[in-house]
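**Student:** curious how this folds, go ahead:
(one chain, ligands or ions: 1)
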Amino acid sequence: MNDKSYTNSFASIYDEVMDNVPYDYWYKYLIDLLDYFNREPEKVIDLACGTGNMTFRFAERQDWDIYGVDISSEMLKIAQKKSGVKNSNVEFIQSDLRDFSPDLKFDLAFSLFDSLNYILNYEDLKQIFKNTYNFLKDDGIFIFDMNTIKRLMGIEPGTMLLKGDDYSCFWEDIIDKENKIWKVKLKIYFGDEKVNFHEEVHKETSYYIKDIIAALKWAGFTEVEVFSAYTFNLAKESDNRVYFVASKGLLKKNNIVINNMVKKFKWFIIKSFIL
Ligand SMILES: C[S@@+](CC[C@H](N)C(=O)[O-])C[C@H]1O[C@@H](n2cnc3c(N)ncnc32)[C@H](O)[C@@H]1O
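**Tutor:** Residues are numbered from 1 along each chain as shown. From the prediction side, this is the model:
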């Protein structure tokens with residue numbers, strides 16, 4: 001079994017398989033976080049950008065200078081192709097985040113959609129935080145999401161079939177509780193293939209929130225806030241997905257953003273009651 005993930009086969013169907021992922025919603029939440037912490041970044045990097053689904057949303061802002069980095073040349077090939085179609089000026093870089101140390105300095109680094117759950121070793125995670133700290137500007141900010149241990153260990157083992165016009169993808173969830181690893185084995189058949197299939201395995205782990213904060217502090221970040229996903233509430237181990245915001249300088253908050261979110265939520269409740 002090939003232990004590599006995001007090979008050509010899965011990369012070629014990734015966008016179709018992830019068609020229902022709420023990237024727009026995630027993007028809005030990132031913007032809310034930036035507003036909340038009074039940030040107007042100009043130089044931005046998407047860490048483990050994949051096929052660039054979030055990178056391109058940032059690239060729509062003409063005043064921002066956007067980069068994306070990923071270990072998988074196959075995912076980046078798709079990102080490059082989309083970049084040509086969109087006529088965007090995103091610069092994509094192939095690198096393992098564990099060794100990534102660009103000469104450039106960024107205002108914002110972000111990493112979404114479980115990407116850091118792929119880092120199976122705590123020392124490697126610390127190294128990535130250290131690298132990120134080093135390529136952020138002095139007032140730079142680092143935002144990333146992670147699935148919690150509770151979420152990964154709560155996934156039910158089983159299989160499902162994802163079918164597209166030109167492919168069938170058998171997806172098998174396997175839980176290794178002892179090592180806190182969620183494995184996904186994929187078998188992908190293209191066209192009429194019945195015998196030949198393309199196989200790859202994905203592995204995600206997670207860490208206790210306090211250990212992730214400790215790793216960020218070890219890397220040098222002065223302030224770290226952790227939120228339950230899509231809220232400004234303090235994260236808990238019982239959440240499924242949490243967002244970390246780590247800064248080199250001080251985090252200054254803008255409470256107007258929260259007030260606006262609360263107003264939107266109240267209006268939603270009133271509307272649901274009336275309609
Ligand atoms: C679930 S995908 C998310 C991709 C993208 N962030 C998105 O939102 O669609 C995880 C990505 O992490 C990348 N990745 C995993 N380990 C990595 C590493 N050590 N360095 C760089 N990228 C990595 C994979 O190649 C893959 O593109």
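**Student:** low-confidence regions, this structure specifically.
**Tutor:** Where the chain drops to pLDDT under 70, the residues are 1-3, 258, 262-275.
**Student:** which bits of it sit near the ligand?
**Tutor:** 6, 48-50, 53-54, 70-72, 75, 96-98, 112-115, 118 (C-beta under 6 Å from any ligand atom). Where C-beta positions appear, they are placed from N, C-alpha and C, glycine not excepted.
**Student:** tally of neighbours for Gly84?
**Tutor:** 8 (other C-beta atoms under 10 Å).
**Student:** check which helix or strand covers the residue of the stretch 151-275 of the chain found nearest the ligand.
**Tutor:** At 8.0 Å from the ligand, His202 is the closest residue in the stretch 151-275 of the chain, using C-beta to the nearest ligand atom. Element membership for His202 (DSSP states H and E) is strand 198-205.
**Student:** in space, not sequence, find me the middle residue of the protein.
**Tutor:** Compute the mean C-alpha point of the chain, and by C-alpha atoms, centre = their mean the closest residue is Leu112, 1.3 Å away.
**Student:** show me the contacts for that one.
**Tutor:** Neighbouring residues of Leu112 by C-beta atoms under 8 Å, 6 or more residues apart in numbering: 26, 30, 46, 54, 144-145.
**Student:** repeat the analysis, applying 10 Å as the threshold.
**Tutor:** Applying C-beta atoms under 10 Å, 6 or more residues apart in numbering to Leu112 gives the contacts 21, 23, 26-27, 29-30, 46-50, 53-55, 143-146, 241, 243.
**Student:** and for Asp124?
**Tutor:** 96-98, 116, 118.
**Student:** please dump those into JSON lines; it should also carry secondary structure and neighbour count for every row.
**Tutor:** What follows is the contacts of Asp124, written out as JSON lines (DSSP: H, G, I helix; E, B strand; the rest coil; neighbours: other C-beta atoms under 10 Å):
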{"residue": "Asp96", "secondary structure": "coil", "neighbour count": "13"}
{"residue": "Leu97", "secondary structure": "helix", "neighbour count": "22"}
{"residue": "Arg98", "secondary structure": "helix", "neighbour count": "15"}
{"residue": "Leu116", "secondary structure": "helix", "neighbour count": "25"}
{"residue": "Tyr118", "secondary structure": "helix", "neighbour count": "16"}
